Every structure is written in structure tokens, then in C-alpha cells.
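Visitor: mind folding the following:
(one chain, ligands or ions: 1)
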Amino acid sequence: MSLPGKSHERQQEEEGDDEDDDIMGVSDYGDGDSFMDGERGSEGDDEVLDFTDPFSTEVKPRILLMGLRRSGKSSIQKVVFHKMSPNETLFLESTNKICREDVSNSSFVNFQIWDFPGQIDFFDPTFDYEMIFRGTGALIFVIDSQDDYMEALARLHLTVTSAYKVNPDINFEVFIHKVDGLSDDHKIETQRDIHQRANDDLVDAGLEKIHLSFYLTSIYDHSIFEAFSKVVQKLIPQLPTLENLLNIFISNSGIEKVFLFDVVSKIYIATDSSPVDMQTYELCCDMIDVVIDISCIYGLEGAGTPYDKESLAIIKLNNTTVLYLKEVTKFLALVCFVREESFERKGLIDYNFHCFRKAIQEVFEVRVKVLRSRKHQSQTKKSRRATPNGTPGVPL
Ligand SMILES: Nc1nc2c(ncn2[C@@H]2O[C@H](COP(=O)(O)OP(=O)(O)OP(=O)(O)O)[C@@H](O)[C@H]2O)c(=O)[nH]1
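Guide: Residues are numbered from 1 along each chain as shown. Predicted structure coming up:
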């Protein structure tokens, strides 16, 4: 396995010139040696997509996490975003007031956790729920499946209907949580029952157009990461384009399966269109853990970060499969499943990866440009507005 330190390959890449690159197919590739190890290069540092740019908050999905007391909200947040081990969540203290926490500094995923104890009143004038729901993309409501869920269902109904009135575009996601304590039959029965009751309540209120999505989750396996991945994916407007790019990338490189990961959370924000197998996903998560852990222990120099643009790793499994991880942006990594014989053409994969990386930056840049021009337009409009004495304002 290559450690995620400064690689010779990367230096070669930076020297390359690559203005008119297109993804190459196996048939285009010739004898397989001429472009070994990405000699065709990659873009310079200044072109690397910077998600810390103020405009880029617009490409990040914003999510609220709500639910009754002790349903598992803080645990979900700690396990998914702070690498806390599930057993440690047993010692988390309960939150007594509304508690808001932003998870946005080190990840592609930008969301707020709202810990709502059961007694909070949506009709309380001091509680500005309109402000909360207006800028929200998804609302995750966590229900403890090991507890009596009737009160949770009533709270879900109130939350969803209040949110929908303010912002009908919110995606409503229900996590039927702590299912590790249920048998397989019981899981399905609980999901069916919750689904039925929640939708009946909406029909009774004449709000059948509200769509609720349900997920069975637990912090003791990867189901919480998978569910979060699906929630986040729905909020990424560029998803069809990303999927398309990944499809082109794998079909031209002889790759079996590929995931685009948010490294900090291990949420996959896109994959190719072949079905996702849970074990494959788990292996990718484990690989990211290994890379970050090894990098933290042995790879850090000075004030460096465990994941940077030189990060890459190759792990050969004993079943003729190779796992290949490469950095895409500050927050995102690509993890590929490649057969050993296809990995012999690593140069092709690297070259196509470079094209993919460039395309992905262009996809996000388009949105940033649109947002910039909108902001510029609204500023110009404001400055052109008539002044109090009736004369038109002079644009600055
Ligand atoms: N078995 C099981 N227990 C879980 C799971 N997720 C959380 N828990 C446990 O549920 C308890 C409550 O979790 P918290 O994360 O504190 O719940 P919360 O919703 O943040 O609670 P408040 O802060 O009171 O609103 C803890 O003891 C967790 O260990 C899960 O997936 N399975």
C-alpha cells in the first residue's frame, strides 16, 4: 500500500500539460505503457476546487436532524462525523434545551443538528421555526424503534406539517433507528407499521402530497452511513452528471465499481449506476479509515492534514481485486474496485482519473459562476434603485 505522503507520481503529474484531454477507452490505449503513472499530468494547485469559498456553501447540502429525546441524534452525529465508536455513545449526556450544532467545517456535507426535546412547542412565539426551515434541504427525523413510537409519530407529524408550510421543498427523511436490537422479521414489521401510521396521519390531515422516505438505521453497522449517503445525494443537483461521469470513467478504464466519498464522514455522494452492494461499501469505508489512521500515525509532517492532494492508496485483496483510492478535492476521494488484470493498465486508469477530476471541477465551477453572476446582478440592481429624492442611484 502506498502511504498518503508526497508521491513521485504526483510531481510528474504536476509537470504535465493537458488542455485537451478526453477520457481514453481501453481500445484507444494502445500497448498500455506509454502513459504509465499519470504522466499526462493534472491541473495546477490554483485550479483545485476550493469548497471553503463563500459561494461553495451553496453546493453543500444543509440538513436538520430532529427527533425525541434519547432517540439517538447526538450518537448519529458523533459516529458519522466525529469517528466516535458506537459503544462510547452510551455515555453521551442528554441535552436539556434546544441544542444547535453545525457540522460543516471539514466535510462536503454541511448540516445542523437540532436536538428537540419532546416538550418544545411549535406554536411558542419565541421559537422561530420559519427561520429554521426556510434554508433547509432535508429534515431527518429519528425514531427509536426499540421504544414505544406513538409519541414520536405524533411529533413527526407536527414537525413535518409545520416544516412543509414554511418550505414545501424540504425532503423528509425518517430514520427508524436502533434496529440492531430487532430481529429481521421485527424490523420489516416495524418499518411497515411506522410507514402506514405516518402516511395515514398525513392523509387524514389532507397532506398526502408530502412524501416521507424511510430508512432502517443503526450506529452499530454501516446502515447509518448508507442512509446518510442517500439523504445527501438527493440534495446534490449535479448528481446525474456525477453519475454519468463515473459511468464513463469506469467503462473506459476497466473498473468494476467506483464511489465518490466525502472523506470525513464516509458518506458516498455518488457512485456509478451499477447496484450498490453493502459489503463493497463497507470495504471502501474500512479503506478510508486505514488511510487516515496510517496517515495520522506515520504520515503527518508539521501542521499537515491526514488527507491532502497527495493522498492515494492501493490495497490488493486476496480475491484478485484491487482497491484504489485517489484524492479528488479537499473533501472528496474516489475509491475504485479493479480486477488485478485491469489494474495492470494503471496508467490508463490514472489518465482517465485525471480527466474525470477535471470534469468534476468544471461541473462545480459552473454553479459557482452562476451564483457569482446572480450576486453581482442583485448588487447592481440594489445600487440602481432610485434614491430618496427620486434620482436614479449610480452603480458603484
Ligand atoms: N442499540 C442502539 N443504541 C443506540 C443507537 N444510537 C444511539 N443509541 C443509544 O441511545 C442513547 C441515546 O442516544 P443520544 O445520542 O444521546 O440521543 P439524543 O437523541 O441525542 O438524546 P437527547 O440529547 O436527549 O435529545 C445512547 O445510550 C446511545 O448509545 C443505535 O443505533 N443502536
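Visitor: in stretch 329-342, what's buried?
Guide: Neighbour counts using 16 or more other CB atoms under 10 Å place Thr329, Lys330, Phe331, Leu332, Ala333, Leu334, Val335, Cys336, Phe337, Val338, Ser342 of stretch 329-342 among the buried residues. Bear in mind the C-beta positions are built from the backbone N, C-alpha and C, glycine included.
Visitor: just give me the closest of those to Glu226.
Guide: Nearest to Glu226 among the buried residues of stretch 329-342, counting by CB to CB, is Val335 at 14.7 Å.
Visitor: ok, that closest one touching Phe259?
Guide: Yes - with contact defined as CB atoms under 8 Å, Val335 reaches Phe259; the gap is 5.0 Å.
Visitor: quickly find the element holding the closest residue to Val103 other than its chain neighbours.
Guide: In space, and not counting its chain neighbours, Val103 is closest to Phe81: 5.0 Å by CB to CB, 6 or more residues apart in numbering. Element membership for Phe81 (DSSP states H and E) is helix 73-82.
Visitor: and that helix with the ligand, contact?
Guide: Yes - using CB under 6 Å from any ligand atom, helix 73-82 comes into contact with the ligand via Lys73, Ser74, Ser75.
Visitor: who wins for neighbours among the residues you listed?
Guide: Among the residues of helix 73-82 next to the ligand, the one with the most neighbours (other CB atoms under 10 Å) is Lys73, at 26 neighbours.
Visitor: pull out the buried positions in stretch 142-154.
Guide: Buried residues in stretch 142-154, counted by 16+ other CB under 10 Å: Val142, Ile143, Asp144, Ser145, Tyr149, Ala152, Leu153.
Visitor: the second one and Gly72 touch, don't they?
Guide: No - the pair Ile143 / Gly72 is not scored as a contact, 9.2 Å apart, by CB under 8 Å.
Visitor: who touches both of the two?
Guide: Counting by CB atoms under 8 Å, 6 or more residues apart in numbering, the shared contacts of Ile143 and Gly72 are His177.
Visitor: which ones among the buried residues of stretch 329-342 lie within strands?
Guide: Per DSSP state E, strands hold the following members of the buried residues of stretch 329-342: Leu332, Ala333, Leu334, Val335, Cys336, Phe337, Val338.
Visitor: now the terminal residues of stretch 135-150, how far apart.
Guide: 29 Å (CA to CA, to the nearest Å).
Visitor: ignore what I typed, I meant stretch 298-310.
Guide: End-to-end distance (CA to CA), stretch 298-310: 15 Å.
Visitor: average pLDDT across the helix holding Phe81?
Guide: For helix 73-82, the mean pLDDT works out to 86.
Visitor: buried residues in that helix?
Guide: Neighbour count says helix 73-82 has Lys73, Ser74, Ser75, Ile76, Gln77, Lys78, Val79, Val80, Phe81 buried, by 16+ other CB under 10 Å.
Visitor: the helix or strand that it is followed by pairs with which strands, parallel or anti?
Guide: Under the assignment DSSP H and E, the closest C-terminal helix or strand after helix 73-82 is strand 99-103. Using DSSP bridges, the strands paired with strand 99-103 in its sheet are strand 110-115 (antiparallel).
Visitor: any idea which helix or strand comes after the partner strand?
Guide: Where DSSP H and E defines the elements, the next helix or strand beyond strand 110-115 is helix 129-134.
Visitor: anything in stretch 188-200 near the ligand?
Guide: No - Stretch 188-200 is not in contact with the ligand by CB under 6 Å from any ligand atom; minimum separation 13.5 Å.
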